[in-house]
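Trainee: my questions are about this predicted structure, shown below with the sequence.
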Amino acid sequence: MSSKDDPEIALDLPDNLEDLSFDDWCEIHQSDPQRFERCRLKVLNDLIDSAPPESQSRLRGMMFRMEGESRRSKSPLGYNLRLSSMMIELLDDMRAQIHLLCAGDIKNLEEQVLNPASAEIIPFQSAGKDERAG
């Protein structure tokens, strides 16, 4: 959802969010964490809105994933560790693709991009079946 679609995000926000310094962001966070969150979401949504249309869906997906990690984390440090792991995973994928490019294995790279690896689905038995079997 973009910030222009949600009037709640625009409430009580400075017009010049892109001009805020680090110290300004710190002051907003310390004085009013909810306002800080609204500002943060507006900046991120505006940035995604300014991206090329073909990139916006992926960026929104990444933002969704990051927000999920934020909710799962018990502390800011835990959140940062989760984001760090996500970045390392993405960088490792990029490194593997660059390695394939450098090795001249374009056909294998195209195959990976067009048909990414899928997960094996493991069927689970319901709890009722386990109780009867045991």
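Mentor: Perfect, I can see it now.

Trainee: next one, pLDDT for S85 please.
Mentor: Model confidence at S85, given as pLDDT, is 93.

Trainee: can you tell me the element it falls in?
Mentor: Here S85, judged by DSSP states H and E, is contained in helix 76-102.

Trainee: just how off-centre is that helix within its chain?
Mentor: 12 Å (Cα atoms, centre = their mean, to the nearest Å).

Trainee: which other helices and strands contact it?
Mentor: helix 53-72, helix 106-114 (3 or more Cβ pairs under 8 Å, 6 or more residues apart in numbering; DSSP states H and E). From N, CA and C alone the C-beta is placed, and that goes for glycine too.

Trainee: so which bits of it are buried?
Mentor: For helix 76-102, burial by neighbour count (16 or more other Cβ atoms under 10 Å) applies to 79, 82, 100.

Trainee: reformat the residues you listed as TSV; add pLDDT and distance to L20.
Mentor: TSV is the format used below for the buried residues of helix 76-102 (pLDDT from 0 to 100; distance: Cβ to Cβ, whole Å):
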residue	pLDDT	distance to L20
Y79	91	21
R82	92	26
L100	76	41
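
Trainee: lowest-confidence stretch among the helices and strands packed on helix 76-102?
Mentor: helix 106-114 (a mean of 68).

Trainee: quick one on the thing from earlier: any chance of the helices and strands packed on helix 76-102 in a markdown table, plus distance to D19?
Mentor: Shown next, in a markdown table, are the helices and strands packed on helix 76-102 (distance: least, Cβ to Cβ, whole Å):
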| stretch | distance to D19 |
| --- | --- |
| helix 53-72 | 22 |
| helix 106-114 | 39 |
